[in-house]
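Visitor: need a structure here:
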Amino acid sequence: MRTAPMWSEGSHREIHQVLCDDRRTLLWLANQRAVELHVPFFRVGDAGPTGLVLDLDPPEGADFPVVVAAARLVRRALDDCGLAGAVKTSGSKGLHVVVPVSGSPFEDVAAATRALAARTAALDPDLATTAYIREDRGGRVFVDSTRSGQGTIVAAYSPRIRPGLPVSFPVGWDDLDDVRPVDFTVTTAPALLGAGDPWAQSLPAPQRLPADLVAEGHTIPIARVQAMHEGKRRARAKRDSEGG
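Guide: Numbers count the residues shown, from 1 in each chain. Presented below is the predicted three-dimensional model:
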């Protein structure tokens, strides 16, 4: 079993991740009940990330067309700064818009993702939001920018632990209106794949990030950190009001 050392920010130590690059390793992982496979945006030995992602999370009870509309906003934001991306279902209720990149360090890719999320939400504030705290989203699609940099997303074709075992599956931009996440399951996906790899085929070539996009992103606070501070502020305010 091949592994690769990497630093874990969560546990503050070096850990060894399994390199799943052959059938035997994949079967071993399945035998360990590893149903969902989440992958980072970097390869072993690379100095920088290979891409960024905007994770589109619909509000509770929303129909899938709402997420599709948000994905089209992301595409507009990408077009406006000369970038291109590919889209896949998350295997749950949302969509992932992935943009292959090259030549940028992790912190710049994370910053560019924050800027793209902000630009997406600004195109239609009634539809999309970057609010990390759930109660602040107001029934809008959450444009999550926090999975870029050293975060992970579920891999294309990975099953999800959901009823019916749906999988994360690539969808052409022109086909978004004609599909639903439940169309792609461990039962239906093999026939849809055929002998090819539609995800690899749909991804554009790696792109350089515009300098103005990166600079804008560095002025935007990291969503998780901002939410943590806001949560503490609200908790203090609640305690003060109850105490008074």
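Visitor: give the burial count for Val74, as a bare number.
Guide: Residues near Val74, counting by other C-beta atoms under 10 Å, number 24. The way it works is simple: take the backbone N, C-alpha and C, and place the C-beta from them, glycine included.
Visitor: next: Glu36.
Guide: Look at Glu36: counted by other C-beta under 10 Å, it has 14 neighbours.
Visitor: over to it. Which of the three states is it?
Guide: coil (DSSP: H, G, I helix; E, B strand; the rest coil).
Visitor: pLDDT at it, what is it?
Guide: If you check Glu36, the pLDDT there is 94.
Visitor: try His218
Guide: Per-residue pLDDT puts His218 at 95.
Visitor: three-state assignment of the nearest residue to it once chain neighbours are set aside?
Guide: Nearest in space to His218, with sequence neighbours left out and distances taken as C-beta to C-beta, 6 or more residues apart in numbering, is Ala111 at 4.6 Å. Judged by three-state DSSP, the three-state class of Ala111 is helix.
Visitor: report the central residue of this protein.
Guide: Asp55 (3.7 Å; C-alpha atoms, centre = their mean).
Visitor: OK, contacts around it?
Guide: 90, 94-96, 143-144, 146-147, 153 (C-beta atoms under 8 Å, 6 or more residues apart in numbering).
Visitor: one more: Trp28?
Guide: By C-beta under 8 Å, 6+ apart, the contact list for Trp28 reads Met1.
Visitor: the same query, at a cut-off of 6 Å, please.
Guide: With contact set as C-beta atoms under 6 Å, 6 or more residues apart in numbering, Trp28 has no partners.
Visitor: tell me the SS of it?
Guide: With three-state DSSP as the basis, Trp28 sits in helix.
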